[in-house]
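# Fold the following and give me the result.
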Amino acid sequence: MKHSSTETHALSAGVAGAAGATLKPRGSSQGGLRQYNERVVLQALRLHGPLPAAELARLTHLTAQTISLISKRLLDDGLIVKGELLRGKVGQPSVPLALNPDGAYAIGIKVGRRSLDVLLVDFTGRTRERRSLDYDYPDPDTLFDAIDERMKALVKGLGRNAAARIQGVGIAAPLSLGGWQALLGVPAETAAKWQAIDIGERVAARSKLPVRSVKDTAAACVAELVAGRGREMRSFLYVFVDTFIGGGLVIGSHLHAGLSGNAGAVGSMSTGCADGSAPPQLLGVASLINLESLYRERGLDPTAVGDDRALQAPWREATDAWLQRATPAIALAVHNAACLLDMEGVIVDGNIGRGLLAELLLALDGALGRHSWEGVTRPALLAGTIGSDARAVGGALLPLYAAYAPDSDLFLKLES
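Just a heads-up that it's a prediction; the model follows:
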C-alpha cells in the first residue's frame with residue numbers, strides 16, 4: 001500500500017504542536033489575519049476546554065475587541081456555543097465559550113490486517129458512530145466496497161444538512177499492508193495485490209471528499225498527541241501493540257514522520273542476538289499475532305487478547321509466556337531509542353484489553369529495570385489513553401486539523 005511522501009510530511013506538520021500543556025496558541029491583532037485568529041481561538045478551546053472571553057484573550061494575546069468579533073463570527077457559523085452563565089467569582093458574571101460538537105465532522109478509517117473500522121468523529125474529537133468489519137486478511141477486491149458502504153451509512157445517518165459539515169476523510173493503514181505474509185499465513189499472490197494500490201486515491205475517487213493518509217501507528221500517535229498524554233509531554237516514543245507491534249515518534253511536540261513517513265517503526269527494530277545469528281525483528285516476538293498463536297495452540301479463543309479473559313484461566317498461562325518473551329524485547333527497543341533520542345517518556349497502547357495493557361506495562365517496567373541506565377536518563381513509562389480506536393480517531397483528526405487548526409509554526413509557540 002502506497003503513501004505519498006509529500007502528503008505524509010504535510011500531515012505531520014499539520015498536527016505539529018497539538019500538546020496543550022507545553023504549547024500556547026497566540027494570535028495577532030493586526031489586520032489581514034482574520035482566518036488565522038479564528039483558528040487560534042478554536043485551537044485554544046480545543047486544548048483548554050470551555051473558556052470565557054477574557055481568558056481567551058489572555059491565552060491568545062488577542063485584544064478583548066478582537067475576541068468579541070471572532071466569537072460572534074464563530075457563533076454565527078455554528079462552530080462554537082455559549083455555556084451556562086458563571087456566577088460567584090470576582091467581577092462580572094461571564095459566559096464560557098466552547099466548541100460545538102456538531103460544528104464539523106470527519107470520517108476516520110482504519111484499515112488493519114485483521115479488521116476495518118470506519119468512525120464518524122465530531123468537532124470535539126468524540127466518536128459519534130462506528131462501522132466495523134473483521135476479516136482474516138484484507139482483500140482489495142472487496143475492501144473498498146465495504147468502506148464505501150460504511151461511509152455512506154454514516155453520512156446518511158447525519159442527514160443532509162449535517163453531512164455538509166464533513167471536512168474530509170483520514171485513513172490510517174500500514175505502510176506495508178502486503179508485507180510479512182509468511183507470518184500472517186497469507187498467500188503471496190493475495191498480499192501482492194496491495195503493492196500497487198493507493199488506498200487514499202481509491203477512497204477519494206468514491207467519496208468525493210478530501211482524503212489524507214498516514215501510517216496507522218502514526219495516526220494512533222496523533223490521537224495520543226492531540227487528545228491524550230501528548231498534551232503533557234514534548235518528546236516521546238509511542239508503542240502500539242496490534243497484530244504487529246508498531247509505533248510513532250514525537251519530538252518537540254511534533255509528530256516526526258522521517259524520510260519515508262516511517263519514523264518510530266519499532267516493530268522493525270532488531271531484538272539482538274549474541275550468537276551471531278540473524279536477529280529477529282521485534283514484531284516477530286512482541287506482536288499480538290504471537291499471543292494469538294499461543295492461544296490457538298492450546299485450543300483457546302484468540303479474541304481474548306481484547307478483553308479480561310487474557311488474564312484468566314485457561315488463557316493466563318499463555319499470556320504469561322508471551323509477556324516473558326515480549327517485554328525484554330520491547331525493553332531493548334526502548335533502551336536503544338532512549339539512548340539515541342533522550343526522550344521524556346514512552347507511551348504504550350494497543351488493541352488489547354486494559355487489564356492486559358496494565359500487565360504489559362508492569363512486566364515492561366521490570367525489564368527496563370534490568371538495563372543499565374548509566375549515562376542516559378530512563379524515560380517515564382505510561383499507558384496510552386485512547387485504546388483500540390486510536391488509529392481511526394487519529395486519522396479523523398487530520399482533516400479536522402487541516403480545516404481548523406492555525407499554522408502551528410506561527411501560532412503555537414513553545415513555552416519558555
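# now residue 237: how far from residue 251?
10 Å (CB to CB, to the nearest Å). The way it works is simple: take the backbone N, C-alpha and C, and place the C-beta from them, glycine included.
# These two - which one has more neighbours?
residue 237 (24 against 16; other CB atoms under 10 Å).
# okay, stretch 401-408 in CSV with CA atoms only?
Output of stretch 401-408 as CSV, limited to C-alpha atoms (Å, rounded to 0.1, in the frame of the first residue of the first chain):
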residue,chain,number,x,y,z
TYR,A,401,-6.9,20.0,12.0
ALA,A,402,-6.3,20.8,8.3
ALA,A,403,-9.5,22.7,8.2
TYR,A,404,-9.5,24.4,11.6
ALA,A,405,-6.1,24.4,13.2
PRO,A,406,-3.8,27.5,12.9
ASP,A,407,-0.5,27.3,11.3
SER,A,408,1.5,25.5,14.0
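# Next, the buried residues of that stretch.
In terms of neighbour count (16 or more other CB atoms under 10 Å), stretch 401-408 has its buried residues at 401, 402, 403, 404, 405, 406, 408.
# hang on, the earlier thing: overlap in contacts, residue 237 and residue 251.
Common neighbours of residue 237 and residue 251, counting by CB atoms under 8 Å, 6 or more residues apart in numbering, are 341, 343.
# of all the buried residues of stretch 401-408, which two lie farthest apart?
Within the buried residues of stretch 401-408, two members stand farthest from each other by CB to CB: 403 and 408, at 14.1 Å.
# which residues touch residue 267?
By CB under 8 Å, 6+ apart, the residues touching residue 267 are 244, 245, 246, 247, 281, 282, 283, 287.
# Can you tell me how far it is from residue 234?
On the measure of CB to CB, residue 267 and residue 234 end up 24 Å apart.
# One more: residue 292?
Counting by CB to CB - residue 292 and residue 234 are separated by 35 Å.
# what does residue 294 give?
38 Å.
# What count of nearby residues applies to residue 340?
Look at residue 340: counted by other CB under 10 Å, it has 9 neighbours.
# May I have the predicted confidence score for the spatially closest residue to residue 139 that is not a sequence neighbour?
Nearest residue to residue 139 in three dimensions, chain neighbours excluded: residue 190, at 6.8 Å (CB to CB, 6 or more residues apart in numbering). What the model reports as pLDDT for residue 190 is 78.
# Would you agree residue 190 falls within a helix?
Yes. According to DSSP: H, G, I helix; E, B strand; the rest coil, residue 190 belongs to a helix.
# contacting residues around it?
Counted by CB under 8 Å, 6+ apart, residue 190 has contacts 137, 139, 181.
# Next, format those as JSON lines and append secondary structure and distance to residue 173.
As requested, these are exported to JSON lines (DSSP: H, G, I helix; E, B strand; the rest coil; distance: CB to CB, whole Å):
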{"residue": "137", "secondary structure": "coil", "distance to residue 173": "13"}
{"residue": "139", "secondary structure": "coil", "distance to residue 173": "14"}
{"residue": "181", "secondary structure": "helix", "distance to residue 173": "16"}
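# Mind giving me the ChimeraX select for these, buried ones only?
The following ChimeraX selection, which keeps only the buried ones among these, applies the criterion 16+ other CB under 10 Å:
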select :137,181
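# nearest to residue 384, of the contacts of residue 190?
residue 137 (26.0 Å).
# Return the residues in contact with that closest one.
Counting by CB under 8 Å, 6+ apart, residue 137 has contacts 113, 114, 184, 186, 190, 191.
# Find the residue at the geometric middle of this structure.
For the chain, the residue nearest the mean C-alpha position is residue 220 (2.2 Å; CA atoms, centre = their mean).
# helix or strand for that one, which one?
Assigned by DSSP states H and E, residue 220 belongs to helix 216-227.
# buried set for that helix?
216, 217, 218, 219, 220, 221, 222, 223, 224, 225, 226, 227.
# Select the longest helix from the protein.
In the chain, with assignment by DSSP state H, the single longest helix is helix 316-341.
# residues of that one that come out buried?
Buried residues in helix 316-341, counted by 16+ other CB under 10 Å: 318-319, 322-323, 326-335, 337-338.
# Would you agree residue 166 is in contact with residue 107?
Yes. Under the criterion of CB atoms under 8 Å, residue 166 makes contact with residue 107 at 6.5 Å.
# With neighbour numbers in mind, choose between these two.
Applying other CB under 10 Å to residue 166 and residue 107 shows that residue 107 carries more neighbours, namely 28 against 21.
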